[in-house]
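Undergrad: attaching a predicted model along with its sequence, questions to come.
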Amino acid sequence: QVQLVESGGGLVQAGGSLRVSCAHSGLTFIPYITGWFRQAPGKERDFVAAISWSGGSTDYADSVKGRFTISRDNAKNTVYLQISSLKPEDTALYYCAVDKFAVVTSRTRGDYDYWGQGIQVTVSS
């Protein structure tokens, strides 16, 4: 059974950095896209970033471009999201997700088949 487990969240001061990880298990198929989404209280779950199976293709939401970097280590079955220059508005629950058999990154929540439980990132001003 597919499991996605996020880790590395926490409380950070504005301007700081953090790396969140998404460990995959039970994924017996390739290729797939891994994406990160986030949801702030009272708001929709929004796209943040996505990366292809090879790591050769990435996509970022405009709000995080230049500050967030997505990467993957397939040998460790893990995808990372390096978050820099954090702002209070980055405070949210961060979810990783997998789009099964996909080769093109997607920003659409409904395209993703599997989701992690989410991890909290809180940025203090």
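TA: Received it, and whenever you're ready, just let me know what you need.

Undergrad: and the gap between the residue nearest the centre of the chain and Val12?
TA: Geometric centre of the chain, nearest residue: Trp36, 2.3 Å, by C-alpha atoms, centre = their mean. Separation of Trp36 from Val12 (C-beta to C-beta, to the nearest Å): 16 Å. Any C-beta I mention is one placed from the backbone N, CA and C, and that applies to glycine too.

Undergrad: for Ala97, which three-state class applies?
TA: strand (DSSP: H, G, I helix; E, B strand; the rest coil).

Undergrad: isn't it up against Arg107?
TA: No: at 11.4 Å, Ala97 does not count as touching Arg107 under the criterion of C-beta atoms under 8 Å.

Undergrad: which one of the two has more residues nearby?
TA: More neighbours surround Ala97 than the other of Ala97 and Arg107, with 22 against 15 (other C-beta atoms under 10 Å).

Undergrad: can you pull the pLDDT of the residue found closest to the more buried one once you drop the neighbours it is linked to in the chain?
TA: Excluding the flanking residues, the one nearest Ala97 by C-beta to C-beta, 6 or more residues apart in numbering is Tyr112, at 3.8 Å. Looking at Tyr112, its pLDDT stands at 98.

Undergrad: gap between Tyr112 and Val79?
TA: 13 Å.

Undergrad: repeat that for Gly9.
TA: 14 Å.

Undergrad: which of the two has more neighbours?
TA: Set Gly9 next to Val79 and count neighbours by other C-beta under 10 Å: Val79 wins out with 27 against 19.

Undergrad: each with direction, which strands does the strand or helix carrying that one pair with?
TA: Element membership for Val79 (DSSP states H and E) is strand 78-83. Strand pairing for strand 78-83, using DSSP bridges, gives strand 18-25 (antiparallel), strand 68-73 (antiparallel).

Undergrad: any idea which of the ones you listed gets closest to Ala49?
TA: With C-beta to C-beta, the closest approach to Ala49 among those belongs to strand 68-73: 4.2 Å.
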